[in-house]
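In: coordinates for the following, if possible.
(chains A, B and C)
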Amino acid sequence: MQKLPSSFYNRENVLQISKELLGKFLVTKIDGIKTSGMITEVEAYAGVIDRASHAYGGRRTDRTEIMYAKGGTAYVYLCYGIHHLFNVVTNKKEIPHAILIRALEPVEGISDMMLRRKKSKFDYTLTKGPGALSAALGIQVNKTGSSLHGNTIWIEDRGIKIPTKKMVVSKRIGVEYAGSDAALLYRFYIRDNPWVSRHPK
DNA sequence: GAGTAGATCCTCT
DNA sequence: GAGGATCTACTCA
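Out: Next comes the predicted model:
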């Protein structure tokens, strides 16, 4: 059990990093409550050449500035006015790669996750989907720019390795506006794991 | 079980 | 002033 080093995030191949994130553990300690879960589903956003990315074409605004930070930084933003989506920034400074964490399997602090999600019953919707898992772990937009080497949000390697044959590759979700880039196979999830948001159309 | 509308607000044009 | 890397509840069958 150890935090992923900066050398994990600073690599250039965002697809490779995405695959390796499956089976890792996302941990947060927010408001004094520790919660964690195993990552089961991710999507890669390949920066300036990816029309689905906020940083497409080198677009740079107050919001996307975080994506240009060095690997190992949290990029959180608000979607549809309601949902906080959590991304991991990868690659070197000035290269705006990011990986969206879409789903995870809850491990620690499940009762607190249920409180945050206002759920009385434990079911698969607890951390299935990017907006849901952020709410469960207490991640909000004010955490954007946080370092993943600090003591608020981080990712641990607990010795679990997902074999390639257990991985499924597919199109990303909800990016129809990205034109031909919507067809890119940039989504990865663990085969037969119930904690996966949904199947692509 | 499948399909759809509403919530809700920050960011960029 | 429009729209989005979503989720849930509600309708209809």
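
In: next, the buried residues of stretch A:116-125.
Out: Judged by neighbour count using 16 or more other C-beta atoms under 10 Å, the buried positions of stretch A:116-125 are A:R116. Placement of C-beta: from N, CA and C, glycine included.

In: that one and DNA strand B in contact?
Out: No. Judged by C-beta under 7 Å from any atom of the strand, stretch A:116-125 and DNA strand B are separated, with a smallest distance of 12.6 Å.

In: same deal with stretch A:95-104?
Out: No. On the criterion C-beta under 7 Å from any atom of the strand, stretch A:95-104 is out of touch with DNA strand B, staying 11.9 Å away.

In: gap between A:D123 and DNA strand B?
Out: Per C-beta to the nearest atom of the strand, to the nearest Å, A:D123 is found 13 Å from DNA strand B.

In: what about that residue, distance to A:D112?
Out: 16 Å (C-beta to C-beta, to the nearest Å).

In: show the pLDDT at the closest residue to A:Q2 other than its chain neighbours.
Out: The spatial neighbour of A:Q2 that comes closest, neighbours along the chain excluded (C-beta to C-beta, 6 or more residues apart in numbering), is A:D157 at 5.9 Å. Listed pLDDT for A:D157 reads 97.

In: cool, and the one 5 residues further on?
Out: According to the prediction, A:I162 has pLDDT 96.

In: which residue, other than its chain neighbours, is closest to it?
Out: Of all residues not flanking A:I162 in the chain, A:G23 sits nearest, at 4.2 Å (C-beta to C-beta, 6+ apart).
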